[in-house]
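Asker: Any chance you could fold what I've pasted below:
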Amino acid sequence: LAEKYFENNSFEYYPNAFSTSKNSVTAISSLINLIERVTEEERKKFAKKSNNYFIDYDLIDSKLFEKFNSISIFQNMHVNYCFLPNVKKCQQFNPFEANEFLKGFKNNFLTKYFSFWHLNGSIVGKFFWRIGKQLRITDSLSEPEGQKASIAKTLREINNDISKNKFDLIFAHLLFPHVPYGLDKNCKYSGNLSNMNNFFSKNKKTKIHNIERKCVLFFLDNFMKKISNNHNLRVILLSDHGSRIEDTPESSNSIIFAVKNFKSKKGKKNNMEISSQRIFIDLYGEK
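Answerer: So this is what the prediction gives:
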């Protein structure tokens, strides 16, 4: 389905692309520093544990970002890009803010209360957060559930940044698709799917993951239609790692990678086995 979408919408796409790491921070560190492979030890030069309670890692270097003058970031609570060079705007998903959510998400007082309690690290809070989800009284604002459920709003805000024409790079790191799952076949939010993911069979995980991948294309299509008149854009769509349903290279490192130049009128399939990091080197490295 993804290949058909990319072909019909004039993307150049790489069905055999892979990431050199199944770890997000390592994969992204190498990607944005135009290095094909970074070891866990070498990663310390590019990323460090954050002192911010609501962020896991701070990225501290990016050769890619040095090539742009004005950068807008949309990020999650796992990886922080705000300290990188030339970042003029940095918007992090914030569960404490008012958000718009997909149909099906239980946006009620208890969802907010239990989620905030859980985020503050209380063992009792985690217990009530879990019970509320299991009994389907509440959903979760924690990541990735909260960011995933507000994906339409995030894409609209990205579109707003494009229309302002103030940035020469807009970089979005969105946890979608991602476990725990949460979207049904109609791309509505279903908290039932986010419960007990670890106990799902491989076949069930694969089925639900593929549903979320289809939903990515659904939201992407709506987004692309809104920006289709901007012929100076290049849109790069990629995943930092694979589904990780199994601990195999095919599952953990196989990714989606597609590039859209709006001046192009025809899709192009590139069957080369190539890393996303190498594609970025070819696109943005020294010529």
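
Asker: Could you pull out the strands in this structure for me?
Answerer: For the chain, the strands defined by DSSP state E cover 11-13, 47-49, 57-59, 71-75, 79-80, 87-92, 169-172, 234-238, 257-261, 268-269.

Asker: how big is the angle separating the fourth one from strand 87-92?
Answerer: Right, the one you point to is strand 71-75. Interaxial angle, strand 71-75 versus strand 87-92 (axes from the mean of the first three to the mean of the last three Cα atoms, to 10 degrees): 10 degrees.

Asker: Quick one: distance of strand 71-75 to the chain centre.
Answerer: Centroid separation for strand 71-75 versus its chain: 12 Å, with Cα atoms, centre = their mean, to the nearest Å.

Asker: repeat for the second one
Answerer: Taking Cα atoms, centre = their mean, the mean C-alpha location of strand 47-49 is offset from the chain mean by 19 Å.

Asker: repeat for the fifth one
Answerer: Between the centre of strand 79-80 and the centre of its host chain there is 12 Å, according to Cα atoms, centre = their mean.

Asker: Now do that strand, average pLDDT.
Answerer: On average, the pLDDT along strand 79-80 is 96.

Asker: same question, the first one
Answerer: If you average the pLDDT over strand 11-13, you get 95.

Asker: likewise the last one?
Answerer: Confidence for strand 268-269, expressed as mean pLDDT, is 93.

Asker: Residues touching it, excluding its own?
Answerer: Applying Cβ atoms under 8 Å, 6 or more residues apart in numbering, the external contacts of strand 268-269 come out as 3, 6-7, 11-13, 15. Glycine gets a C-beta too; all of them are placed from N, C-alpha and C.

Asker: May I see the residues you listed arranged in JSON lines, with neighbour count as well?
Answerer: Compiled in JSON lines, the contacts of strand 268-269 are given as follows (neighbours: other Cβ atoms under 10 Å):
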{"residue": "3", "neighbour count": "14"}
{"residue": "6", "neighbour count": "24"}
{"residue": "7", "neighbour count": "15"}
{"residue": "11", "neighbour count": "25"}
{"residue": "12", "neighbour count": "18"}
{"residue": "13", "neighbour count": "21"}
{"residue": "15", "neighbour count": "16"}
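
Asker: okay, those in a markdown table with distance to residue 140 next?
Answerer: Formatted as a markdown table, those follow (distance: Cβ to Cβ, whole Å):
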| residue | distance to residue 140 |
| --- | --- |
| 3 | 33 |
| 6 | 32 |
| 7 | 36 |
| 11 | 33 |
| 12 | 37 |
| 13 | 33 |
| 15 | 34 |
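
Asker: How confident was the prediction at residue 72?
Answerer: The predicted local distance difference test score for residue 72 is 98.

Asker: Residue 168 is in contact with that one, correct?
Answerer: No. Using Cβ atoms under 8 Å, residue 72 is not in contact with residue 168, being 9.5 Å away.

Asker: Buried residues in stretch 41-60, which are they?
Answerer: Across stretch 41-60, burial judged by 16 or more other Cβ atoms under 10 Å covers 43, 46-47, 50, 55-59.

Asker: Specify which member of those is nearest to residue 157.
Answerer: Checking those against residue 157 by Cβ to Cβ gives residue 55 as the nearest, at 19.6 Å.

Asker: First residue to last residue on stretch 76-93, what's the distance there?
Answerer: As for stretch 76-93, its first-to-last residue distance stands at 5 Å under the measure Cα to Cα, to the nearest Å.

Asker: Now find how far off-centre that stretch is within its chain.
Answerer: 14 Å.

Asker: ok, now stretch 35-48?
Answerer: 20 Å.

Asker: Show me what the mean pLDDT comes to for that stretch.
Answerer: Stretch 35-48 shows a mean pLDDT of 91 in the predicted model.

Asker: Export it to PDB, keeping only CA atoms.
Answerer: Taking Å, rounded to 0.1, in the frame of the first residue of the first chain, the C-alpha atoms of stretch 35-48 are listed here in PDB:
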ATOM      1  CA  ILE A  35      27.600   9.600   9.400                       C
ATOM      2  CA  GLU A  36      26.600   6.200   8.200                       C
ATOM      3  CA  ARG A  37      27.100   4.300  11.500                       C
ATOM      4  CA  VAL A  38      27.600   5.400  15.100                       C
ATOM      5  CA  THR A  39      28.400   3.000  17.800                       C
ATOM      6  CA  GLU A  40      26.800   3.200  21.200                       C
ATOM      7  CA  GLU A  41      30.000   4.600  22.600                       C
ATOM      8  CA  GLU A  42      30.500   7.200  19.800                       C
ATOM      9  CA  ARG A  43      26.900   8.300  20.400                       C
ATOM     10  CA  LYS A  44      28.000  10.100  23.500                       C
ATOM     11  CA  LYS A  45      29.600  12.800  21.300                       C
ATOM     12  CA  PHE A  46      26.200  13.600  19.800                       C
ATOM     13  CA  ALA A  47      23.700  12.900  22.500                       C
ATOM     14  CA  LYS A  48      23.600  13.000  26.300                       C
END
